[in-house]
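# generate a structure from the sequence data that follows.
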Amino acid sequence: MKYIKLTTAQALVRFLDNQYVSFDGHEEKFIEGVFTIFGHGNVLGIGQALEENPGDLKVHQGRNEQGMALAATAFAKQKNRKKIYACTTSVGPGAANMLTAAGTATANNIPVLLLPGDTFATRQPDPVLQQVEHTNNLSVTTNDAFKAVTKYWDRVTRPEQLMSAMINAMRVLTDIGNTGAVCVAMPQDVQGEVYEFPESFLAKRVHVIDRRIGTPTEFKNAVELIKRKKKPIIICGGGVRYSEAGEEMKKFAAEFNIPIGETQAGKSSIENDFELNMGGIGVTGNLAANMLAAEADLVIGIGTRFTDFTSGSKALFQNENVEFLTINASDFHAEKMDAVKIVGDAKVCLEELNKQLREEGYKSAYGSEPERAKADWASELSRLHGIKFTKTGFKAEVPDQIEEALNEIYDLYGGALTQTEVLGVINDFLKKDYVVVGSSGSLPGDLQRMWETNEKYSYHMEYGYSCMGYEINGALGVKMAEPSKEVYAMVGDGSYLMLHSELVTSIQENKKINVLLFDNCGFGCINNLQMGNGMGSFETEFRNRGSKKLIPVDYAKAASGYGVKTYSVKTLDELRAALEDAKKQEISTLIDIKVLPKTMTNGYESWWHVGVAGVSEKDSIKTAFEEKEDGLKKARKY
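All right, here's what the predicted structure looks like:
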């Protein structure tokens with residue numbers, strides 16, 4: 001065996017540069033590059049190694065550790081988990097800033113490699129700058145916090161430990177059934193230590209991602225279950241996207257006449273105009289999918305985790321004889337809802353299930369119900385696009401308190417738009433070669449219900465963690481993954497203020513993104529939640545502490561200081577003109593859209609289980625609690 005003398009950090013960089021994946025016979029580099037913000041815990045170790053010999057790894061300078069790690073997460077998601085970025089930071093605050101991004105990646109089963117610097121393994125200079133000391137355990141550092149939000153965690157306290165740590169890191173990063181964030185903490189002294197590493201460890205390594213198929217028994221059980229059912233419904237989850245199984249799911253649905261509802265992660269795996277695609281399902285779903293789901297006697301979950309938003313907190317499926325079938329690469333997720341399960345890749349499992357069901361001559365008992373449901377939703381969607389506000393009358397029945405808020409913002413900006421009409425114009429404008437990115441607030445609900453696309457993988461929603469601040473940073477990651485497409489970050493003012501740091505990085509890297517900023521002067525989604533459950537408007541609007549007046553913010557003016565091309569919009573004509581001009585730009589753009597609160601979508605036969613106070617002096621809270629208890633009676637208890 002041959003050896004080469006390197007520092008631990010140099011060996012790490014060489015290892016990262018030689019990782020490949022093979023999927024369906026196609027081989028490509030797995031790690032595209034490294035996002036960095038250098039500090040004293042990594043600049044002289046990993047930083048030195050990247051400066052001296054990065055190989056083919058691309059190195060990017062981030063602005064905020066959370067922001068760059070969210071960009072890395074979005075990149076991996078848009079690449080269907082077949083290519084990733086690594087992220088390296090200093091110790092202390094730099095490392096801690098990545099915790100939110102780690103949770104975001106893990107909740108969504110998206111691979112991202114985090115390489116935070118750490119305190120000294122020798123402890124000789126302890127306590128070092130930025131070290132948090134634990135008097136009961138001197139081995140604990142900031143990086144131990146990653147254990148709660150990663151799928152694999154390790155700390156390299158000796159150079160020779162790098163080999164087992166990184167091989168196991170790659171095992172998890174390429175495990176389609178159990179991937180997520182991986183954290184390998186790198187003590188700063190160990191990064192510079194010298195060791196003779198085997199050349200075999202540093203050589204090209206190909207990780208084969210197999211399409212695993214379920215067992216004969218699993219298919220037998222699934223076929224027997226389906227044969228007993230008359231009105232099944234399919235839930236298209238993120239696993240359909242990552243398996244690239246959209247065409248197989250359409251063939252399956254068409255063969256047996258089974259309607260489909262989409263989750264946030266599964267949306268755009270198939271075309272919106274496919275006749276059996278009912279659109280979004282669940283709490284943020286539409287009327288078509290939710291009505292069919294309520295009556296279904298079988299729910300076939302494909303690549304879905306059955307989150308509370310997808311299942312309506314387990315109350316969406318109201319047929320007393322409903323049963324569940326799952327196809328999932330993860331045995332853990334396949335077990336949910338006490339389902340009959342097939343553990344394997346969505347594409348090959350659907351192909352085999354299709355074959356066996358065809359031999360049985362199965363057909364669902366649906367007649368024209370899916371067609372009627374789809375047509376009814378199209379009418380409702382047209383109504384939503386047409387909702388407008390004027391001072392002389394809002395085309396909706398709203399309480400006096402809400403009408404006051406609408407008038408207040410309208411007067412504040414000298415005009416404003418409804419959120420649903422804005423989304424209609426944007427959706428009509430974007431036809432092809434684009435990706436919309438979202439994550440938090442009311443926009444994910446409106447988008448899952450209202451957004452229509454026939455462009456594959458053009459809908460990029462992070463909703464497993466619903467991370468505020470993902471949108472703009474994620475848009476950068478998507479642009480890096482899809483450089484030929486226009487990328488649009490759909491973001492509310494509250495989330496924009498949380499984190500938009502990589503907007504500057506987009507300028508630096510010449511990666512144009514478009515920010516569509518919906519300004520309604522507050523955390524509008526949570527304001528809806530509290531007021532819809534008996535509370536008043538409490539600390540969710542952006543108001544001056546003394547005057548109680550709303551705080552006007554010129555986001556276009558602020559972003560222009562970064563070098564971004566900006567627009568201010570208060571009318572639909574201004575919006576259309578801004579969209580047209582923004583598409584012609586070569587630098588990142590921001591369209592500051594003034595929208596009215598309470599003009600988003602809501603409801604559509606779904607229920608969300610949230611904690612409501614069981615004791616209150618307010619009658620409205622008591623009513624909300626009773627409604628919550630009534631909803632719970634309809635929900636499955638496991």
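# so what pLDDT did Ile402 get?
Confidence at Ile402, expressed as pLDDT, is 69.
# also Lys598?
Per-residue pLDDT puts Lys598 at 89.
# repeat for Ile409
Ile409 carries a pLDDT value of 87.
# do Glu244 as well
Glu244 carries a pLDDT value of 97.
# that one touches Lys347, doesn't it?
Yes. Counting by CB atoms under 8 Å, Glu244 does reach Lys347; the two are 6.6 Å apart. Heads up, the C-betas are built off the backbone N, CA and C, glycines and all.
# of those two, who's got more company?
Higher neighbour count among Glu244 and Lys347: Lys347, with 23 against 19, using other CB atoms under 10 Å.
# after the helix or strand harbouring that one comes which helix or strand?
For Lys347, the host element (DSSP states H and E) is helix 346-360. Next helix or strand after helix 346-360 toward the C-terminus (DSSP H and E): helix 369-385.
# and the average pLDDT for that following helix is what?
Rounded mean pLDDT across helix 369-385 is 96.
# report all helices and strands that it contacts.
Judged by 3 or more CB pairs under 8 Å, 6 or more residues apart in numbering; DSSP states H and E, the packing partners of helix 369-385 are strand 277-280, helix 287-295, helix 419-429.
# for the last one, buried residues please.
Along helix 419-429, the positions that meet the burial threshold by neighbour count (16 or more other CB atoms under 10 Å) are Gln419, Thr420, Glu421, Val422, Leu423, Gly424, Val425, Ile426, Asn427.
# quick one: which of the helices and strands packed on helix 369-385 is nearest Gly47?
Among the helices and strands packed on helix 369-385, helix 419-429 comes nearest to Gly47, with 41.3 Å by CB to CB.
# helix 369-385 and the closest one, what's the angle between them?
With axes from the mean of the first three to the mean of the last three CA atoms, to 10 degrees defining the directions, helix 419-429 sits at 110 degrees from helix 369-385.
# for helix 419-429, name the packing helices and strands.
Judged by 3+ CB pairs under 8 Å, 6+ apart, helix 419-429 is in contact with helix 369-385, helix 443-450, strand 514-519, helix 572-584.
# buried set for the first one?
The neighbour-count criterion (16+ other CB under 10 Å) identifies Glu369, Pro370, Ala373, Lys374, Trp377, Glu380, Leu381, Leu384, His385 as the buried residues of helix 369-385.
# closest to Asp493 out of those?
Within those, proximity to Asp493 (CB to CB) peaks at Leu384, which comes in at 21.4 Å.
# list the contacts of the worst-scoring helix or strand of the chain on mean pLDDT.
Across the helices and strands of the chain, mean pLDDT, DSSP states H and E gives its lowest value to helix 400-413, namely a mean of 79. Here helix 400-413 makes contact (CB atoms under 8 Å, 6 or more residues apart in numbering) with 389, 391, 394, 398, 416, 520-521, 537, 541, 550, 552, 570, 594, 596-599.
# okay, and which of those residues map to strands?
In strands, judged by DSSP state E, the following of the contacts of helix 400-413 are found: Lys594.
# mind giving me the domain ranges of the chain?
If you go by automatic domain parsing, the domain ranges for the chain are 3-208, 216-368, 386-594, 608-638.
# can you list the helices and strands packed on helix 419-429 in TSV and add distance to Arg305?
Below are the helices and strands packed on helix 419-429 laid out as TSV (distance: least, CB to CB, whole Å):
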stretch	distance to Arg305
helix 369-385	25
helix 443-450	15
strand 514-519	28
helix 572-584	34
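# can you say which of the ones you listed is nearest to Ile281?
Proximity to Ile281, assessed across the helices and strands packed on helix 419-429 by CB to CB, is greatest for helix 443-450 (8.4 Å).
# what is the mean pLDDT for the closest one?
In this model, helix 443-450 has an average pLDDT of 96.
# which strands or helices does it pack on?
strand 277-280, helix 419-429, strand 434-438, strand 459-461, strand 486-492.
# so which of these comes closest to Lys637?
strand 277-280 (25.7 Å).
# residues contacting the closest one, please?
Taking CB under 8 Å, 6+ apart as the rule, strand 277-280 contacts 259-264, 267, 270-272, 285-286, 288-289, 292, 370, 373-374, 377, 448-449, 452.
# re the thing from before, ok, of the buried residues of helix 419-429, which one's closest to Arg228?
Using CB to CB, the buried residues of helix 419-429 come closest to Arg228 at Asn427, 39.9 Å.
# check contacts around Thr623.
Listed by CB under 8 Å, 6+ apart, the contact partners of Thr623 are Gly534.
# what about the chain, any weak spots by pLDDT?
Applying pLDDT under 70 to the chain flags residues 391-402.
# first to last residue in stretch 627-638, what's the distance?
20 Å (CA to CA, to the nearest Å).
# next: stretch 12-30.
15 Å.
# relative to the whole chain's centre, how far out is it?
Chain-centre distance of stretch 12-30: 24 Å, with CA atoms, centre = their mean, to the nearest Å.
# so what touches that stretch?
Contacts for stretch 12-30 (CB under 8 Å, 6+ apart): 6, 31, 34, 46, 49-50, 53-57, 82-84, 86, 113, 115, 162, 166, 170, 173-174, 186, 201-209, 211.
# how about a cut-off of 6 Å?
Residues external to stretch 12-30 that are found in contact with it (CB atoms under 6 Å, 6 or more residues apart in numbering): 31, 49-50, 55-57, 82, 166, 202, 204-209.
# same check, this time on stretch 204-221
Stretch 204-221 is contacted by residues 18-23, 174, 340, 342-345, 348-349, 356 when judged by CB under 6 Å, 6+ apart.
# again with stretch 32-50
For stretch 32-50, the surrounding residues in contact (CB under 6 Å, 6+ apart) are 9-10, 13, 57-60, 62, 65, 68, 72, 83, 85-91, 94, 117, 188, 191-192.
# identify the residues contacting the residue most central in space within the chain.
Among the residues of the chain, the one closest to the centroid is Glu462, at 1.2 Å (CA atoms, centre = their mean). Residues near Glu462 by CB under 6 Å, 6+ apart: Ser439, Tyr470.
# how far away is it from Leu499?
Glu462 is 13 Å from Leu499, where distance means CB to CB, to the nearest Å.
# and what of Thr505?
Per CB to CB, Thr505 is found 12 Å from Leu499.
# can you check Cys87 too?
The value you get for Cys87 to Leu499, if CB to CB is used, is 15 Å.
# what about Asp592, which helix or strand?
strand 589-594.
# pull the CA atoms of that strand into CSV?
The C-alpha trace of strand 589-594 is given here as CSV (Å, rounded to 0.1, in the frame of the first residue of the first chain):
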residue,chain,number,x,y,z
THR,A,589,-33.4,41.9,-9.4
LEU,A,590,-36.0,42.7,-6.7
ILE,A,591,-39.6,43.6,-7.3
ASP,A,592,-41.1,45.2,-4.1
ILE,A,593,-44.8,44.3,-4.4
LYS,A,594,-47.1,46.0,-1.9
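# as a markdown table, the buried residues of helix 419-429 with distance to Gly603 would be great.
Putting the buried residues of helix 419-429 into a markdown table (distance: CB to CB, whole Å) gives the following:
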| residue | distance to Gly603 |
| --- | --- |
| Gln419 | 15 |
| Thr420 | 13 |
| Glu421 | 19 |
| Val422 | 20 |
| Leu423 | 17 |
| Gly424 | 19 |
| Val425 | 23 |
| Ile426 | 22 |
| Asn427 | 20 |
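# list just the nearest of those residues to Gly361.
Nearest member of these to Gly361, counting by CB to CB, is Asn427, at 40.4 Å.
# list the contacts for the closest one?
Asn427 makes contact with Trp451, according to CB under 6 Å, 6+ apart.
# ok, 8 Å please
Asn427 neighbours (CB under 8 Å, 6+ apart): Met450, Trp451, Glu452, Thr453.
# what's the farthest-apart pair in the buried residues of helix 419-429?
Using CB to CB, the pair of the buried residues of helix 419-429 lying farthest apart is Gln419 and Asn427, separated by 12.3 Å.
# pretty sure Asn544 sits against Pro552.
No. Between Asn544 and Pro552 there is no contact under CB under 8 Å: 10.4 Å.
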